[in-house]
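Asker: Need coordinates for the below:
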Amino acid sequence: MKTRLLPLAALIALLGCSGDEPTAPSAATAPNVAGYYESDAMWFFQFQRLHDGFSGSFTCAGTLSLQQTTGQVEPGKASLTGFAFVSRPCPEMTFAVKGTALADGSVTLVTDGPRPPEGQCPSPYQVSYTGVWASGTLSVRTSSRIWCPGPGEGYHDFTYLITARKTF
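Answerer: I've put the predicted structure just below:
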């Protein structure tokens, strides 16, 4: 009985495959990153003054509004545009944001950053933040060397982190 069924099973398997064209895997799409993000601790940044090692950190509230292209720029990649707002205790600022979201959840944003709530340092200009978007949370970081004017100041290294949850 087994010897009769084996050729029949092979014939069925062969017929099941004939005429089928191979199918390409479907292209992954970028996650829906568009929305409104906010947090009382959205902006966290650390700094170190280079000439004497003085360091510190600040946390500032903020919001982020992102729009996303409806069509894909290329498979698995979407363009992002929007704006960011920084508030207490940092000086209030608003600046444009642009970037990309990839199918693997990685995100790149190009934007400015907040000024520290103390001291003479300006905000960074058009730096590239990189990170991830997962389960409605955006987490990106950048670092920048900034010249801070004033007596005893000079160059500072800053690391900026944006972490916020999508609220709608």
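Asker: Surely Arg141 is in a strand?
Answerer: Yes - assigned with DSSP: H, G, I helix; E, B strand; the rest coil, Arg141 falls within a strand.
Asker: what are the ranges of the strands in this protein?
Answerer: Along the chain, the stretches classed as strands by DSSP state E are 35-49, 55-68, 77-86, 93-102, 106-111, 127-134, 137-148, 154-166.
Asker: contacting residues for Tyr155?
Answerer: When contacts are counted by CB atoms under 8 Å, 6 or more residues apart in numbering, Tyr155 touches Arg49, Leu50, His51, Arg145, Ile146, Trp147, Cys148. Bear in mind the C-beta positions are built from the backbone N, C-alpha and C, glycine included.
Asker: Now the second one: closest residue in space that isn't a chain neighbour?
Answerer: Pointing back at Leu50 there. With sequence-adjacent residues excluded and distances taken as CB to CB, 6 or more residues apart in numbering, Leu50 is closest to Tyr155, at 4.6 Å.
Asker: Tell me how many other residues crowd the residue lying closest to Trp43 once chain neighbours are set aside.
Answerer: In this structure, Trp43 finds its nearest non-sequential neighbour in Cys60, 4.3 Å apart by CB to CB, 6+ apart. For Cys60, the count of nearby residues is 24 (other CB atoms under 10 Å).
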